[in-house]
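Trainee: Would you be able to build a 3D model of this:
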Amino acid sequence: MTQQLNDFSVTRKWPAQHPERIQLYSLPTPNGVKVSIALEEMQLPYEAHLVSFETNDQLSTEFVDTFPNNKIPAIIDPDGPGAQPLALFESGAILVYLAEKIGSPLLPTAPAARYETLQWLMFQMGGVGPMFGQVGFFHKFAGKAFEDKRPRDRYVNESRRLLGVLETRLTNRQWVMGDAFTIADIAIWPWVRNMVVETGYNASELLGWHEFPQLQRVLKAFEARPSVQKGLKVPPRG
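Mentor: Numbers count the residues shown, from 1 in each chain. Below is the predicted model of the structure:
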């Protein structure tokens, strides 16, 4: 059965003004900006829709019926495989899909380099994201009121370990995979940035950020990329 873009329930809440473009449903969070940065980096035409957590947009029937995990970011590509629309959630899957869609060098094609890039992508998804998010909860959000600091310290210690893994990896490397900027960098650096900036978790002192000179160097290079500067602001809030 042939599907059209308007067959997806999410388009009832967020109608497409440019139905020929990739439809992005997101919020400028560490997870959300991975996809907007990738789209900017790959110069793929897209239309961004703000999914507001303040009004629980991600729990709306229209969103969940299309993206059952009710999480951002998510996309619909109107020109997916077989020229059929494809709806995808999970930022890692989206990054791989977009890179493969256009044969982007953001995902190497040489087998060894490809799997190594995917390895570091999974490192972010399975380690960096969940652990850093818990630090944010216990350091900045509701968890900071807990008198018992052992839960916070557990996640801080694991986050410091992960930062140490990256610090070692980046010694004598420009990016995670060497000279090439890849989807692994797009996945990792928004989370690292969010941990240390004042507008994020503001946890640089807690994590001993001064002990990671390689991370400081690469984060500056990441923030200097035009695609990053644009993608960090997508979709605009209000």
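Trainee: only C-alpha atoms for contact and neighbour calcs from this point on.
Mentor: Noted.
Trainee: mind listing the strands for this structure?
Mentor: Per DSSP state E, the chain carries strands over the ranges 22-26, 46-50, 74-77, 86-89.
Trainee: Same list, the ones you listed, but as a markdown table with distance to Lys144, mean neighbour count and mean pLDDT please.
Mentor: Rendered in a markdown table, the data for the strands of the chain read as follows (distance: least, Cα to Cα, whole Å; neighbours: other Cα atoms under 10 Å; pLDDT from 0 to 100):
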| stretch | distance to Lys144 | mean neighbour count | mean pLDDT |
| --- | --- | --- | --- |
| strand 22-26 | 27 | 25 | 98 |
| strand 46-50 | 28 | 19 | 98 |
| strand 74-77 | 30 | 24 | 98 |
| strand 86-89 | 30 | 18 | 98 |
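Trainee: Just tell me which of those strands ends up closest to Arg237.
Mentor: Smallest distance to Arg237 across these (Cα to Cα): 7.1 Å, for strand 46-50.
Trainee: re earlier: got TSV for the strands of the chain, with distance to Phe123 too?
Mentor: Rendered in TSV, the data for the strands of the chain read as follows (distance: least, Cα to Cα, whole Å):
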stretch	distance to Phe123
strand 22-26	22
strand 46-50	27
strand 74-77	20
strand 86-89	18
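Trainee: Centre of the chain to stretch 207-224, how far?
Mentor: With Cα atoms, centre = their mean, to the nearest Å as the basis, stretch 207-224 stands 18 Å off its chain's centre.
Trainee: In this structure, where is pLDDT below threshold?
Mentor: Residues of the chain that meet the criterion pLDDT under 70 lie in 1, 238.
Trainee: mind redoing it with 80?
Mentor: For the chain, residues meeting the criterion pLDDT under 80 lie at 1-2, 238.
Trainee: Mind naming the longest helix for this structure?
Mentor: In the chain, with assignment by DSSP state H, the single longest helix is helix 150-169.
Trainee: Quick one: list the elements packing against that one.
Mentor: Helix 150-169 makes packing contacts with helix 129-139, helix 204-207, helix 213-224 when contacts are defined by 3 or more Cα pairs under 8 Å, 6 or more residues apart in numbering; DSSP states H and E.
Trainee: List the buried residues for the longest one?
Mentor: Judged by neighbour count using 16 or more other Cα atoms under 10 Å, the buried positions of helix 213-224 are Gln214, Leu215, Gln216, Val218, Leu219, Phe222.
Trainee: could those residues go into TSV alongside distance to Asp65?
Mentor: Compiled in TSV, those are given as follows (distance: Cα to Cα, whole Å):
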residue	distance to Asp65
Gln214	43
Leu215	40
Gln216	41
Val218	39
Leu219	37
Phe222	35
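Trainee: Looking at these, which is nearest Pro108?
Mentor: Nearest to Pro108 among the buried residues of helix 213-224: Phe222, at 19.0 Å, using Cα to Cα.
Trainee: Isn't the closest one up against Trp191?
Mentor: No. Applying Cα atoms under 8 Å as the test, Phe222 and Trp191 come out as separate, 11.8 Å apart.
Trainee: Glu158 and Pro19, how far apart?
Mentor: For Glu158, the distance to Pro19 under the criterion Cα to Cα, to the nearest Å works out to 43 Å.
Trainee: swap in Phe138?
Mentor: When Phe138 is compared with Pro19 (using Cα to Cα), they lie 41 Å apart.
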